[in-house]
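> Could you look at this predicted model? Sequence included:
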Amino acid sequence: MIGLIQRVTHANVEVANNRIAEIDQGILLLLGIEKADTEQNAKDLLKKIINFRIFEDKEQKMNLSLLDISGALLIVPQFTLPADTKKGTRPSFASAAPPELGIKLFDYFVVSANEQLQKVEIGKFGADMKVSLTNDGPVTFWIQK
């Protein structure tokens, strides 16, 4: 399971010109699910993300987590993250989870996040989404579990 996280001051998702999700200060998570992923991978990745210290304290050091600041989490399913780009000029999606597994683990991740955070918003699995954000820093990390 792959999480590309970005510290944001604002982010939103639109589908068919309708805004379906929006957050202010927090993390935009692009979530990639691979064939071998399990619910345990989802638990481990979520724990890492919500405790990852990427927000500044009073001394402008990255010492605070999403939990510490009571920030929001916007979770966007991202089928292209597991792509293999090592060969040629066309990505291979052979390692990406099939839709049934992807939906199951995405939903599990969202339910788990809602149990631990005050504000969780989500993109739409399988939809053509338009994602807008203001990356704060910029601060971006790739986390894989």
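Received, thanks. Keep in mind the model is a prediction, meaning the values are calculated, not measured. Numbering: from 1, shown residues only.

> contacts and neighbour counts: CA atoms only from here.
Will do.

> for the chain, what spans make up the helices?
Per DSSP state H, the chain carries helices over the ranges 39-51, 66-69, 99-116.

> Packing partners of the second one?
The reference is to helix 66-69. Here helix 66-69 is seen to pack against helix 39-51 when contacts are counted using 3 or more C-alpha pairs under 8 Å, 6 or more residues apart in numbering; DSSP states H and E.

> ok and the helix it packs on relative to helix 99-116, angle-wise?
In terms of direction (axes from the mean of the first three to the mean of the last three C-alpha atoms, to 10 degrees), helix 39-51 departs from helix 99-116 by 40 degrees.

> ok so, going back, want to throw the helices of the chain into a markdown table with distance to His10?
Compiled in a markdown table, these are given as follows (distance: least, C-alpha to C-alpha, whole Å):
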| stretch | distance to His10 |
| --- | --- |
| helix 39-51 | 17 |
| helix 66-69 | 14 |
| helix 99-116 | 19 |
